[in-house]
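>>> Using only what follows, build the 3D model:
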Amino acid sequence: MREIVILSGKGGTGKTTISGSLAVLASNKVMADCDVDAANLHLLLKPVTRSSFPFYGMPKARINREKCLECYLCVFRCAFEAIEPGLVVNESRCEGCAVCYHTCPCKAVEMVEHVAGRLHISDTAYGPLVHARLGAGEDNSGKLVTAVRREARRLAEEEKKELIITDGPPGIGCPAISCLAGVDLVLVVTEPTLAAKHDLERVLDLADHFGCHAVACINKCDLEPAITQEIERLCRQRSVPVVGELPYDEKAMEATKKGQPVVELGGPLAGQITALWREVKKILGKR
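Now for the predicted structure:
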């Protein structure tokens with residue numbers, strides 16, 4: 001079994017557009033959407049949910065009013081002002097630190113399980129998809145990413161799939177780090193802007209740190225040829241193969257509006273993404 005994760009240093013570079021297209025082009029695979037804070041791969045793949053599970057984050061405080069002496073120590077000690085008038089805990093502010101639990105002299109504060117999101121296993125026209133959604137303002141996104149990847153691997157083993165394609169989150173934070181353990185290849189999607197070039201370097205540094213083999217794709221490469229050349233030079237210096245240079249194509253926006261992978265519309269962009277996939281398959285085969 002092989003696993004490829006698609007990352008980008010910033011949002012909006014076309015990472016999910018490429019992930020959705022690879023879902024069409026690759027065979028015998030499981031798709032995983034690990035951008036749990038803003039999952040949108042399902043908008044292209046139109047999944048039908050097979051099963052769904054709650055994801056539990058940090059326990060939240062709850063005050064048992066029958067035990068409470070109304071000493072208000074919990075209110076004074078809470079650094080997040082999560083306990084409102086009437087001694088009611090605001091779950092969106094509670095960080096689960098348990099200071100109130102340890103402060104309460106009468107043990108009226110309880111730490112209870114809290115559902116922070118949901119994990120889904122779905123079927124699509126292109127194969128199974130494991131995806132999740134984290135609730136607004138919830139933490140533990142890295143833990144949820146790990147849960148999605150674990151479920152994708154279990155599903156791939158159970159259904160004898162040869163490949164896992166993971167649409168990762170943008171940036172280099174905890175969710176991106178959680179995507180890197182044990183992967184065979186990191187495909188970093190960038191674009192010809194100075195901000196994207198800087199963020200590409202950060203993602204490549206992250207991949208190097210965890211010993212991951214990385215390749216790059218320059219999306220909308222014809223918009224700023226000079227910066228595209230700078231990115232090519234940077235990748236050569238770091239021995240990072242550029243496996244695809246994709247032209248700007250309005251069909252990408254058309255496909256997004258229709259809610260379908262862009263390779264299904266044909267045209268120059270579809271052809272270049274298909275060529276990109278051939279290069280990625282060669283590298284995966286060598287590894």
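>>> which residues of this structure fall in helices?
15-25, 42-45, 73-77, 99-103, 141-158, 174-178, 194-209, 225-237, 251-258, 268-286 (DSSP state H).
>>> Most tightly packed of those?
Mean neighbour counts were taken over the helices of the chain using mean count of other Cβ atoms under 10 Å, and the top value, a mean of 25, falls to helix 15-25. C-betas here are computed from N, CA, C, even on glycine.
>>> pLDDT below threshold where in this structure?
Along the chain, the model assigns pLDDT under 70 to residues 140, 287.
>>> so what's the closest residue in space to residue 199 that isn't next to it in sequence up against?
Once flanking residues are discounted, residue 199 sits nearest to residue 9: 2.3 Å by Cβ to Cβ, 6 or more residues apart in numbering. Residues near residue 9 by Cβ atoms under 8 Å, 6 or more residues apart in numbering: 170, 171, 172, 188, 190, 196, 198, 199, 200, 201, 202, 203.
>>> Farthest-apart pair in those residues, please.
By the measure Cβ to Cβ, 170 and 201 form the most distant pair in the contacts of residue 9, at 14.6 Å.
>>> What about residue 161, how many residues nearby?
Residues lying near residue 161 (other Cβ atoms under 10 Å) number 20.
>>> ok, now residue 137?
Per other Cβ under 10 Å, the neighbour tally for residue 137 reads 9.
>>> Distance of it relative to residue 92?
As judged by Cβ to Cβ, to the nearest Å, residue 137 and residue 92 stand 5 Å apart.
>>> Equivalent analysis for residue 23, please.
With distances taken as Cβ to Cβ, residue 23 is found 34 Å from residue 92.
>>> phi, psi of the residue nearest to residue 199?
The phi and psi values for residue 9, taken as degrees, to the nearest 10, are phi -70, psi -20.
>>> domain ranges for the protein?
As given by automatic domain parsing, the domain ranges for the chain are 2-56+117-286, 60-113.
>>> how far does the longest one sit from the chain's center?
Which is domain 2-56+117-286. Taking Cα atoms, centre = their mean, to the nearest Å, one finds the center of domain 2-56+117-286 at 8 Å from the center of the full chain.
>>> ok, which stretches of the stretch 51-200 of the chain are strands?
Along the stretch 51-200 of the chain, counting by DSSP state E, counting those that start in this stretch, strands occupy 60-63, 83-84, 88-89, 109-112, 115-124, 127-134, 163-170, 185-190.
>>> Dump those strands to CSV, plus distance to residue 54.
Shown next, in CSV, are the strands of the stretch 51-200 of the chain (distance: least, Cβ to Cβ, whole Å):
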stretch, distance to residue 54
strand 60-63, 14
strand 83-84, 25
strand 88-89, 20
strand 109-112, 14
strand 115-124, 5
strand 127-134, 11
strand 163-170, 21
strand 185-190, 30
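>>> Compare those and give me the one nearest residue 19.
Of all the strands of the stretch 51-200 of the chain, strand 163-170 sits nearest to residue 19, with 3.8 Å by Cβ to Cβ.
>>> what is the orientation angle of the closest one with helix 15-25?
If you take axes from the mean of the first three to the mean of the last three Cα atoms, to 10 degrees, strand 163-170 sits at 170 degrees to helix 15-25.
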